[in-house]
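# Quick one, structure for this:
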Amino acid sequence: MLKINNSTQNTIIKSGVIGFPIDHSLSPIIHNYYLNKLNINGSYDKYSIAIDNFEESIKNLINKENLQGFNITIPHKERILKFCDHLSNSARKIGAVNTIKILENGKIFGHNSDGEGFIKNLFNHFPDYKFINKKCLIIGAGGASRAIIYSLIKEKVAQIYIANRNLDRAYKIIEDFDDFSKEKNVQIIAIELKNNYPFLHEIDLIINSSSMGMNNQNPIELDLSLAKKSTVIYDIVYKPLFTQFLLMAKKNNLPIVTGIGMLIEQAIVGFEMWYHQKPQYSYELEKNLIQNY
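Below is the predicted model of the structure:
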């Protein structure tokens, strides 16, 4: 584990985000918006950290910058795990960390807030939504998928289909969540990614957790005409905000959830850890983010 010197405190409460590359990150806009809104004497900056000398770079960053914590983005979400002294249940089960808190004793606490962000964003759109006993279809089997599946199991949905081109990755998720899914009585099934499924009319929630539909990426071509009218279509992609997948959902008169709110909600979790105030979700901030990408 890293040994961190956290004995001195600056007047300014400092945090940030690390990744490589990092220039594209919208996290500073979110956190600095809330720092200004809540009149907190704090800062939130981007830190570009390459894979080479990762441990030394993290140690130097924490000691020299005196950070209270930081977010982690690609490609370090899994790499940071072994440097954490403590892990939340979500980080341990998901196998990735996106939020770090430096404790008073200098120890490193790792958490994953992506699942929380996913759930809270859906409730922002549909406050009375009930996850229990729902049947879900999730497209993708990467890190975001793992976080979302963790949250769906926690909410006690009935069934989760994982649709992915590479079935081995989907099977790995099923294996890793086997005990947790059985404990919550949730069935998880791996299926190949296709344009249509005969069981689609039974699905209550369809989620795109992949990069499909993002700018310069191939769109999702799932036929939504068979979906029942109450099926919620949720796309975590936010560049563009309204992907072709969501536009197709609207064409079929299906309720939709965009991805920008998940980004904000997962950030709020870290903000509260570092600055000890919990901001309210802001639609003004949402508009600012849309204008800045």
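# burial count for the nearest residue to residue 227 once chain neighbours are set aside?
Nearest residue to residue 227, sequence neighbours excluded (C-beta to C-beta, 6 or more residues apart in numbering): residue 200, at 5.5 Å. For glycine as for every other residue, the C-beta is placed from the backbone atoms N, C-alpha and C. Number of residues near residue 200 (other C-beta atoms under 10 Å) recorded here: 18.
# got it, and residue 221?
Burial of residue 221 is recorded as 14 neighbouring residues (other C-beta under 10 Å).
# Do I have it right that it meets residue 195?
Yes. Residue 221 lies in contact with residue 195 (C-beta atoms under 8 Å); the separation is 5.0 Å.
# who are the neighbours in contact with the residue nearest to residue 227?
Contact analysis of residue 200 by C-beta atoms under 8 Å, 6 or more residues apart in numbering lists 137, 223-224, 226-227.
# can you point me to the longest helix in the protein?
In terms of residue count, the longest helix belonging to the chain (DSSP state H) is helix 260-275.
# And for that one, what's in contact with it?
For helix 260-275, contacts defined as C-beta under 8 Å, 6+ apart pick out 13, 15, 26-27, 30-31, 34-35, 38, 40, 42, 68-69, 71, 98-99, 101, 111, 113-114, 116-118, 120-121, 124-125, 236, 238, 241, 277-279, 281-282, 285-286, 289-290.
# That one: which residues count as buried?
Using 16 or more other C-beta atoms under 10 Å as the test for burial, helix 260-275 gives 260-271, 273-275.
# Residue nearest the middle of this protein, spatially speaking?
Here the mean C-alpha position of the chain is nearest to the C-alpha of residue 114 (C-alpha atoms, centre = their mean), at a distance of 2.7 Å.
# Relative to residue 59, how far out is that one?
For residue 114, the distance to residue 59 equals 25 Å [C-beta to C-beta, to the nearest Å].
# okay but residue 43 is in contact with residue 17, surely?
No. Checked against C-beta under 8 Å, the pair residue 43 and residue 17 is beyond contact range at 11.9 Å.
# out of those two, which sits in the busier spot?
residue 17 (24 against 17).
# and the more buried one, helix, strand or coil?
strand (DSSP: H, G, I helix; E, B strand; the rest coil).
# For it, give the beta-bridge partners.
residue 46, residue 71 (DSSP bridges).
# Renumber starting at 185 from here on
Okay, using 185 as the starting number, the last item reads as residue 201.
# Against residue 295, how distant is it?
Distance of residue 201 to residue 295, given as C-beta to C-beta: 14 Å.
# again with residue 402
Taking C-beta to C-beta, one finds residue 402 at 33 Å from residue 295.
# Tell me which of the two has more neighbours.
Each of residue 402 and residue 295 has its neighbours counted (other C-beta under 10 Å); residue 295 has more, 24 against 11.
# Please pull out the lowest mean pLDDT helix or strand from the chain.
helix 238-249 (a mean of 88; mean pLDDT, DSSP states H and E).
# Flag every buried residue along that one.
Those buried within helix 238-249 under the rule 16+ other C-beta under 10 Å are 238, 241-243, 245-247, 249.
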